[in-house]
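Novice: generate coordinates for the sequence data below:
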Amino acid sequence: MSRHEKDHQIPEWQWQQALIDAYYDYRWRQLLEPLCETFQHWKAGELTHVPVDRAIEEAYKEKCWINALFSQRQDRAVALIQSLDREWFETWVKEQHPPSGVR
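Specialist: All right, here's what the predicted structure looks like:
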């Protein structure tokens, strides 16, 4: 049995959860990597507290958005991910084929 055939045998909820987990990790990396870089510049004495404060505030807003997205029902979160970040979804779905019957 090929990998592609195996992918089509997993339950829909399991595929949806894998999508959500992968996107969750992706969004948190997008949020935390720049923030970490800002802290490193601050620690090196290259920034004052003002840009650090702004970076924290922006990160907090993004964190709230992430929390709102991932507090949705599983099927709703999947639909939102597909519509809000189509490029990311299309790349992910090439590697993680949906089970039969899933659009």
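Novice: when you work out contacts or count neighbours from here on, use the C-alpha atoms and nothing else.
Specialist: OK.
Novice: residues in contact with residue 9?
Specialist: 99, 100 (CA atoms under 8 Å, 6 or more residues apart in numbering).
Novice: tell me the pLDDT at it?
Specialist: pLDDT, residue 9: 71.
Novice: what helix or strand is it on?
Specialist: Here residue 9, judged by DSSP states H and E, is contained in no helix and no strand.
Novice: try residue 90
Specialist: helix 86-95.
Novice: so what touches that helix?
Specialist: Here helix 86-95 has contacts from 19, 81, 82, using CA under 8 Å, 6+ apart.
Novice: which of these ranks first by neighbour count?
Specialist: residue 19 (21 neighbours; other CA atoms under 10 Å).
Novice: that one touches residue 78, doesn't it?
Specialist: Yes. Contact criterion CA atoms under 8 Å: residue 19 and residue 78 qualify, at 7.2 Å.
Novice: and the gap between the residue positioned nearest the centre of the chain and residue 35?
Specialist: Among the residues of the chain, the one closest to the centroid is residue 23, at 2.7 Å (CA atoms, centre = their mean). Here residue 23 is placed at a distance of 19 Å from residue 35 (CA to CA, to the nearest Å).
Novice: looking at the chain, which helix or strand is least sure?
Specialist: Scoring the helices and strands of the chain by mean pLDDT, DSSP states H and E places helix 3-7 at the bottom, with a mean of 51.
Novice: could I get the average pLDDT for the next helix or strand after it?
Specialist: Where DSSP H and E defines the elements, the next helix or strand beyond helix 3-7 is helix 12-43. Throughout helix 12-43, pLDDT has a mean value of 96.
Novice: and the host helix or strand of residue 57, what does it pack against?
Specialist: Using DSSP H and E, residue 57 sits in helix 49-70. Where contact means 3 or more CA pairs under 8 Å, 6 or more residues apart in numbering; DSSP states H and E, helix 49-70 is packed against helix 12-43, helix 74-84.
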